[in-house]
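In: One predicted model, sequence on top.
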Amino acid sequence: MSGFVEKPEPTEVPGLVHLHTGKVRELYRNEAGDLVMVASDRISAYDWVLPTEIPDKGRVLTQLSLWWFDQLADLVPSHVLSTELPPGAPADWAGRTLICTSLRMVPVECVARGYLTGSGLAEYVESRTVCGLALPEGLVDGSELPAPIFTPATKAEVGEHDENVSYEEVARQVGAETAAQLRQATLAVYQRARDIARDRGIILADTKFEFGFDGEDLVLADEVLTPDSSRFWPADRWEPGRSQPSYDKQYVRDWLTSAESGWDRAGEQPPPALPQHVVEATRAKYVEAYERLTGLSWS
């Protein structure tokens, strides 16, 4: 059992039709047929959308994504048309709203890994593979891979878990040509972002992208290279063989599975509200990731 602990009611705005409530984003369509994406301050962990919000989180995700879209523009176009608030939208939408091209989305989470951890590590321990790709012996949690790999996953509904699949399965689902485009774009974007992050003292361990088609053109969509969609590690504290300190929501996951929370992840009860010290520390991690990556001050 998982999903929303408390599912929110979407804000009604004249001229916008509400389409979907996601883990973090509300999705609308405007009268021109464009998509309007609004990033909330919700946070999810272990397939639950938690009852406690992280102040400014949605704005950090949106502004960091916009910065990355600019860094990647020569590799792949983005879906962003405008950041102007729709007429009648609440003031709180400022800084967290994107007007986007409506795309024909590809139903695949395009994951790139440069380091071994998470679900990739779990599969490696069992079979020395990740998504069916053979890897060398002797790797441990946090090991850098010989080269970045494309490890796709199926896209799950809220409350369900993405499932890693092989490249061959992606080709079967979307066609060989589209699968090849996805792999090439995913690895090109990852390698560009990895190098930018490395120059700023951050390891981009892995990340996931979503792509869609605008006519025949492959377009980068949704959020990109944020602490919600990526594992960012401080380079000066990287130490293979253990769990790495990070700038993502691992802090929240660790608290939820701690004795302090009292929550049984395998039980039937939803996770509890986050205490203030976890909220503040998590917000600080998101802001620090934004500032270190962009070189800009968060205000």
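Out: Here it is on my side, so go on.
In: starting at the chain centroid, how far to stretch 117-135?
Out: 20 Å (CA atoms, centre = their mean, to the nearest Å).
In: actually stretch 174-181, sorry about that
Out: On CA atoms, centre = their mean, the centre of stretch 174-181 falls 22 Å from the chain's centre.
In: That stretch: which residues count as buried?
Out: 174, 178-179, 181 (16 or more other CB atoms under 10 Å). Just so you know, the C-beta spots here come from the backbone N, C-alpha and C atoms, and that holds for glycine as well.
In: residues in contact with that stretch?
Out: Stretch 174-181 is contacted by residues 106-108, 167, 170-171, 182, 218 when judged by CB atoms under 8 Å, 6 or more residues apart in numbering.
In: List the residues that contact the closest residue in space to D162 that isn't next to it in sequence.
Out: Spatial nearest neighbour of D162, chain neighbours left out: A153 (4.2 Å); criterion: CB to CB, 6 or more residues apart in numbering. Applying CB under 8 Å, 6+ apart to A153 gives the contacts 108-109, 111, 162-165, 208.
In: now do 6 Å
Out: If you count contacts by CB atoms under 6 Å, 6 or more residues apart in numbering, A153 has them with 109, 111, 162-164.
In: can you check E163 too?
Out: 153-154 are the contacts of E163 under CB under 6 Å, 6+ apart.
In: From K155, how far off is it?
Out: Distance check for E163 against K155: by CB to CB, to the nearest Å, it reads 9 Å.
In: what about the closest residue to G132 other than its chain neighbours, how many neighbours?
Out: Residue nearest to G132 in three dimensions, not counting chain neighbours: S166, with 4.1 Å by CB to CB, 6+ apart. Counted with other CB atoms under 10 Å, the neighbours of S166 add up to 14.
In: Kindly report the same for A73.
Out: Neighbours of A73 (other CB under 10 Å): 11.
In: who's in contact with Q244?
Out: Q244 neighbours (CB under 6 Å, 6+ apart): 142, 233.
In: Confirm that it sits in a strand.
Out: No. Q244 is assigned coil when assessed by DSSP: H, G, I helix; E, B strand; the rest coil, not a strand.
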